[in-house]
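# Okay, here's the prediction I keep looking at, along with the sequence it came from:
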Amino acid sequence: MSRAVGVLLALLVVVGFGRPDSVCRGEDPLPMLEKIEITSSLDKTPQTSLLWAPESAREQPTPLLIWLHSWSADYRQEASLEYQKQAVRRGWILLLPNFRGPNKRPEACGSKLARTDIIDAMNYVEQHYKIDPQRVYLAGASGGGHMTLLMAGYYPQRFSAVSAWVGITDVAQWYRDQAPAGKPSKYALDILAVCGGKPGESKKIDADYRARSPIHFLHQVGDLHVDIAAGVKDGHTGSVPIAHSLNAFNRIATTNGDDGVSDEEAEQLWTAQKLTTPQASDQVTDATYGREIILRRKSGNARVTIFQGGHEGLPEACCAWLAKQRRATTE
């Protein structure tokens, strides 16, 4: 490959339209994504998303997959490639909203502006295509997992099912995770820039942390289908301890009147990365994961999975689960 061609392909990835890595692997190139600008219903600024839809979506009800970028990325994140593959193969519409970009300023990181941007982008798609109202899916990993669960808590009626991978569920706790011995990491510095201070500095700051943390709103999901997953090594080799995912599931289970994952089990998963006495549901084999399942529990329409892995999402497993879910949505 010549240097000029290499530069061109790199630029295509940066702007989020071309998918040159598909071509380089000898695969059929993925279709181009459409860049759309939507005026925010809150602050009237133009907000960008990427969109792909099959031609048939103008005539017949079609599932919609909204995939949310991670903590330090924006709507052009290259990881969306694998979700675009899933959407194209399944004939789903794919929406990649920006929701104020990387989480390093107050307007991002689950703010009211960021949440509204996702709803505005969904409304745009619903105005231009025929959406199957029983198959509106939301998914993301890491910072995208955080935003997925936050949207589930704030707007459960808008989604049929959500799938959150290795997500941050308590921003105040994640600040503490990321500032051991009072020495803040990059992520802790991002959180300070977002919330304006450390947890406990003032009632106003604490209220801001709370408003951006899914753990405080997951009791509102009702019968929404909720999938929560994390690699057991995350927090050791990755950045988000599995307690975030376990606590999120437990919040839903408690609301449903069910037992969650016990403190003893959570400690075993954290220290030994296995359960001393796994339940029958933990010993399932799931071919879509291609990984050992270490824990799987369910409560109502929610489930949590801890698998052999780290800080990662598994697109095939994510979309295979979503594809099975149906639930009517309302505005």
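Sure thing, it's come through.
# As a check, name the ranges of all helices in the stretch 201-331 of the chain.
Under the criterion DSSP state H, counting those that start in this stretch, helices of the stretch 201-331 of the chain are mapped to 203-211, 243-256, 263-271, 315-323.
# P54: what's it in contact with?
62, 88, 91-93 (CB atoms under 8 Å, 6 or more residues apart in numbering). Just so you know, the C-beta spots here come from the backbone N, C-alpha and C atoms, and that holds for glycine as well.
# for it, phi and psi?
With angles defined as degrees, to the nearest 10, P54 sits at phi -70, psi 150.
# how much space is there between it and D120?
23 Å (CB to CB, to the nearest Å).
# got it, and A57?
From A57 to D120 the distance is 19 Å (CB to CB).
# Which pLDDT does the model give the closest residue to L275 other than its chain neighbours?
Of all residues not flanking L275 in the chain, Q268 sits nearest, at 5.5 Å (CB to CB, 6 or more residues apart in numbering). At Q268, the model reports a pLDDT of 98.
# residues near Q268, how many?
Counted with other CB atoms under 10 Å, residues neighbouring Q268 total 19.
# hmm, back to that, and A57 and D120? Which one has more around it.
Neighbours per residue (other CB under 10 Å) separate A57 from D120, with A57 holding more: 21 against 18.
# what sits against the more buried one?
Here A57 is in contact with 93, 129-131 (CB under 8 Å, 6+ apart).
# just those now: which is nearest G290?
Closest approach between these and G290, by CB to CB: I93, at 26.5 Å.
# Contacts only, for the closest one.
51-54, 57, 62-65, 87, 125, 129, 131.
# one step back: quick one: which of the contacts of P54 sit in helices?
V88 (DSSP state H).
# Among the contacts of P54, the buried ones, what's the ChimeraX command?
Only the buried entries of the contacts of P54 go into this ChimeraX selection, using 16 or more other CB atoms under 10 Å:
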select :62,92,93
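# among the contacts of P54, which two are most distant?
T62 and V88 (12.3 Å).
# residue ranges of the helices in the stretch 51-200 of the chain, please?
Going by DSSP H, counting those that start in this stretch, the stretch 51-200 of the chain shows helices at 80-90, 112-128, 143-154, 171-177, 186-195.
# okay, those helices in CSV with mean pLDDT and distance to L218 next?
Output for the helices of the stretch 51-200 of the chain, formatted as CSV (pLDDT from 0 to 100; distance: least, CB to CB, whole Å):
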stretch, mean pLDDT, distance to L218
helix 80-90, 97, 23
helix 112-128, 98, 15
helix 143-154, 99, 5
helix 171-177, 98, 14
helix 186-195, 98, 20
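# List just the one of the ones you listed that sits closest to P214.
helix 143-154 (3.6 Å).
# From the contact counts, what lies against the closest one?
For helix 143-154, the packing partners by 3 or more CB pairs under 8 Å, 6 or more residues apart in numbering; DSSP states H and E come out as strand 62-68, helix 112-128, strand 131-141, strand 161-165, strand 225-231.
# what's the most buried one of the helices of the stretch 201-331 of the chain?
helix 243-256 (a mean of 23; mean count of other CB atoms under 10 Å).
# what's the angle between that helix and helix 143-154?
Interaxial angle, helix 243-256 versus helix 143-154 (axes from the mean of the first three to the mean of the last three CA atoms, to 10 degrees): 20 degrees.
# for the residue most central in space within the chain, which residues make a bridge with it?
A centroid search over the chain (CA atoms, centre = their mean) returns G140, at 2.0 Å, as the residue closest to the centre. Counting by DSSP bridges, G140 forms beta bridges with L68, A164.
# Going forward, the N-terminal residue is numbered 30.
Happy to do that; since the first residue is 30 now, the last one works out to G169.
# Isn't it up against I197?
No - G169 is beyond contact range of I197, at 10.9 Å (criterion: CB atoms under 8 Å).
# joint contacts of those two?
Shared contacts of G169 and I197, defined by CB under 8 Å, 6+ apart, are found at H175.
# Could you work out the end-to-end span of stretch 163-183 for me?
19 Å (CA to CA, to the nearest Å).
# Can you give me the buried ones in it?
So for stretch 163-183, counting by 16+ other CB under 10 Å, buried means 164-183.
# Then stretch 187-207?
187-204, 206-207.
# what distance separates it from the centre of its chain?
When C-alpha coordinates are averaged (CA atoms, centre = their mean, to the nearest Å), stretch 187-207 and its chain have centres 8 Å apart.
# Check whether the residue nearest to L304 really touches T305, as I assumed.
Yes - at 5.7 Å, Q297 and T305 qualify as touching, with contact defined as CB under 8 Å.
# Nearest to K327, out of the helices of the stretch 80-229 of the chain?
helix 172-183 (16.3 Å).
# rewinding a little: which residues touch the residue nearest to the centre of the chain?
Contacts of G169 by CB under 8 Å, 6+ apart are 96-99, 175-177, 193-194, 196, 342.
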